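> What follows is a protein structure lacking sequence information:
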Ligand code: UD1
C-alpha cells in the first residue's frame, strides 16, 4: 500500500493551460465495489480509478471476504463474489480507510455475521460511526463492541423507519446497501443525496433493487430477495474537477476539465462566478478560467447540493488571491482547517475562529472547534517545505505550491495518491513543473 514516492517537488509560478480528463469518482467507486458483495453474480465496473490507493485497499477488503477479481486494471474492475468465505478482514485494512463498515449489509445478509475492525481515515475530526451502528440496530442487527472491532449478528434484517441525526454520506450508503435485501421497506429520513450516492443507487437499481429518492431527503428502499450482476460506469470525480479548477484559476490560467458535470457542481460554479472567475459549460466538460482581479466571498460548506466540504481546501487558496476579506464556515466537519497552519508558512493570511462566522449557526456552535476561517487577500505565496495532513488538504498544498514563487517540497504524497489518479502526469500536462522525489 506504499505510494510511489513520499514527496513532490513543485516549481511554482506558471499559469495552467490545457485539457485534463477526470478519473472516475473515488467516493463513488469504492462504494460500488462494496455493493458488488451483495450479489453472487459477476459485476463489471468501467471508468474505475484502479490506481488510487484507496481502491486497492477496497479491493483487498473485498478479496479477504471472498471476491475473485477477474480484472482490476486499465480503469476496469470485473469481479464476482460467488461465496462469502470470511466475515472479517485485517485490522490494517480497517485502519487505512472507512470503507470496511460498509460491508456489513452484504455480510449480514449472506452469512448472518460481520466482524468489522474499528475505523481509520483522514484526520479531519472524530468521524464516529454511531449513525451507522444505531441504524443497523434499528434494522435488527445485534452489535457488540470490543477494543479493536465491532461484532454484528442478524438472522435477518427487517425494514425500518430511520432518521439520521445528520445527512451522513457513509451512513446513508450503508443503510441503502443493508436494506435493499432486507425484509420489507426501509425509510431513511434526513438522508444524504450526494451524486456519489445516486451513482450507487443507479447501480443497485440495475442489479434489481427498488429504491426511490424523494425530494425531501427521504430515501425509500423496498427490500428484494436477490440482486443480480450488472455493468456500470463510475461517474466522473467532482472533487478532482474542483481541485483542478481551483489550480487553473489561482494560477491565472485556463483549463478544460473533461468529464466535469455541471449538475454535480452547481454551488461550486456559483462560487467561482461570485469571486469574479468564470467557466464555460462544454458538451463533454467545463472550461475554467481566470478573468480579472478576484473578489472575496462568504462560503458555508454543507451537504449536497450545498458547497461540498472537500472543495474548501483548494478553494481557500483562491481566496488568498482575492482582494478583501473572505470567510469559510465549515459546517460538516468540526476540524477540517488543520492544514491552514502550513499555508500560513507560505504567506497566507488566514485566521481560525471557534465561532460560526458566515451567517448560519451550525452543530459546532458553542464548541471549541475552530471551524470558521477568515482569509485576507491578496497575499503573495512563497515556496516552503510542507507536510500533508489529509487528502483534500494535500491538493490545496499543491495548488498553493504551483502559484508560489520558487521550489516547494510537499511531504506526504501518499495522502494525495489516496485521492487522485496520475496526478503528476495530469498536472505536468497542464504545464506544472512537478516531480516526485
Ligand atoms: C464522505 C466522503 C468525504 C466527504 C464526506 C462529506 C467518502 C469515502 N468520503 O465521508 O470525502 O467529505 O462524505 O461529504 O465518500 N458522522 C457522525 N456519525 C456517523 C457518521 C458521520 O457523527 O456515524 C458525522 C461526521 O463526523 C461528520 C459528518 O457526520 O461530521 C459527515 O460525515 P459523513 O457524511 O458520514 O462522511 P463520510 O461518509 O465519512
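Received it, and whenever you're ready, just let me know what you need. Here the structure is a predicted model, which means the values were calculated and not measured.

> Quick one: name the residues of the stretch 51-200 of the chain near the ligand.
Residues of the stretch 51-200 of the chain found near the ligand (CB under 6 Å from any ligand atom) are 98, 125-132, 166, 168-171, 192. In short, each C-beta sits where N, CA and C put it, glycine included.

> Just the buried subset of these, please.
98, 125, 127, 129, 131-132, 168-171, 192 (16 or more other CB atoms under 10 Å).

> correct me, but residue 104 touches residue 114?
Yes: shown here, residue 104 and residue 114 form a contact pair, counting by CB atoms under 8 Å, at 4.7 Å.

> could you check the distance from the spatially closest residue to residue 45 that is not a sequence neighbour over to the ligand?
Closest residue in space to residue 45, ignoring its immediate chain neighbours: residue 77 at 4.4 Å, by CB to CB, 6 or more residues apart in numbering. Residue 77 sits at a distance of 16 Å from the ligand (criterion: CB to the nearest ligand atom, to the nearest Å).

> same check, this time on residue 44
In terms of CB to the nearest ligand atom, residue 44 sits 22 Å off from the ligand.

> Same check on residue 263?
Residue 263 is 17 Å from the ligand, by CB to the nearest ligand atom.

> Could you do residue 87 as well?
Distance from residue 87 to the ligand, by CB to the nearest ligand atom: 21 Å.

> Could you count how many residues lie near that residue?
Residues lying near residue 87 (other CB atoms under 10 Å) number 22.

> Contact partners for it?
Taking CB atoms under 8 Å, 6 or more residues apart in numbering, we find residue 87 in contact with 65, 107, 111, 113-115.

> which one of those is nearest residue 41?
Ranked by distance to residue 41 (CB to CB), the contacts of residue 87 are led by residue 65 at 15.8 Å.

> re earlier: out of the contacts of residue 87, which sit inside helices?
65, 107, 111 (DSSP state H).

> Give the buried subset of these as a ChimeraX selection command.
In ChimeraX, a selection of the buried entries from the ones in helices among the contacts of residue 87 looks like this (16+ other CB under 10 Å):
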select :65,107,111
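
> Now residue 341: phi and psi?
Dihedral angles of residue 341 (phi, psi; degrees, to the nearest 10) stand at phi -60, psi -40.

> Tell me where this protein has helices.
Under DSSP H, the chain gives helices at 26-35, 53-65, 91-96, 104-111, 130-138, 169-179, 195-207, 238-250, 266-274, 312-320, 340-345, 391-403, 413-419, 423-429.

> which other residues reach the fourth one?
When contacts are taken as CB under 8 Å, 6+ apart, the neighbours of helix 104-111 outside the stretch itself are 34-35, 37-38, 65, 81, 84, 87, 113-114, 116, 132, 136, 141, 152-154, 157, 174, 177-182.

> same check, this time on stretch 262-277
Under CB under 8 Å, 6+ apart, the answer for stretch 262-277 is 195, 235-236, 238, 241-242, 245, 249, 278-279, 281, 286, 288-297, 299, 305-308, 311, 315, 318-319, 322.

> quick revisit: tell me the least confident of the buried ones among the residues of the stretch 51-200 of the chain next to the ligand?
In terms of pLDDT, the weakest of those is residue 125, which scores 50.

> For residue 161, see how far away the spatially closest residue to residue 432 that is not a sequence neighbour is.
Sequence neighbours aside, residue 402 is the residue nearest to residue 432 in space, at 5.2 Å (criterion: CB to CB, 6+ apart). Residue 402 is 49 Å from residue 161, where distance means CB to CB, to the nearest Å.

> Between those two, point out the one with more neighbours.
Taking other CB under 10 Å, residue 402 and residue 161 do not tie; residue 402 has more neighbours (27 against 10).

> from what I can see that one touches residue 251, true?
Yes: proximity of residue 402 to residue 251 meets the contact threshold set by CB under 8 Å, at 5.9 Å.
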